[in-house]
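Visitor: give me coordinates for this.
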Amino acid sequence: MGILETVLVGAGIGVVAIWIWANIRRFLSTTGWGTSRLDREFRNVFALMPEARRRDLVETIMNRRRCSRAAAMRFAMDDRARDERRWD
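Guide: Alright, predicted model coming up:
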């Protein structure tokens with residue numbers, strides 16, 4: 001095997017490795033691994049809301065109620081559930 005073939009094989013292995021790494025990273029970010037269960041539930045409940053608006057909602061509740069981020073997310077989800085059940 002000559003130097004050219006060695007370089008091409010090395011480049012091919014590198015391209016495949018980068019492709020695998022990128023897909024694993026994308027999979028982990030879209031499945032929510034590395035985030036808490038509460039974060040995933042909050043994102044699911046407010047899925048139609050842009051990310052910036054979700055952050056603003058949590059910050060507003062934290063400031064008004066003087067609570068933690070987790071408590072603010074729970075309160076927002078509970079409030080949303082109450083709104084959905086209001087006319088049942």
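Visitor: and residue 40, how many neighbours does it have?
Guide: Residues within reach of residue 40, counting by other C-beta atoms under 10 Å, total 13. Heads up, the C-betas are built off the backbone N, CA and C, glycines and all.
Visitor: before we move on, what SS does it have?
Guide: Assigned by DSSP: H, G, I helix; E, B strand; the rest coil, the conformation of residue 40 is helix.
Visitor: quickly note the distance from it to residue 15.
Guide: 33 Å (C-beta to C-beta, to the nearest Å).
Visitor: residue 39 touches residue 73, doesn't it?
Guide: Yes: Residue 39 is in contact with residue 73 according to C-beta atoms under 8 Å; the separation is 7.4 Å.
Visitor: these two - which one has more neighbours?
Guide: When residue 39 and residue 73 are compared on other C-beta under 10 Å, the one with more neighbours turns out to be residue 73, at 24 against 14.
Visitor: what about the more buried one, helix or strand, and which?
Guide: Using DSSP states H and E, residue 73 sits within helix 69-85.
Visitor: now do that helix: distance to the chain's middle.
Guide: Centroid displacement of helix 69-85 relative to its chain, using C-alpha atoms, centre = their mean, to the nearest Å, is 19 Å.
Visitor: which positions in that helix come out as buried?
Guide: By 16 or more other C-beta atoms under 10 Å, the buried positions in helix 69-85 come out as 72, 73, 74, 75, 76, 77.
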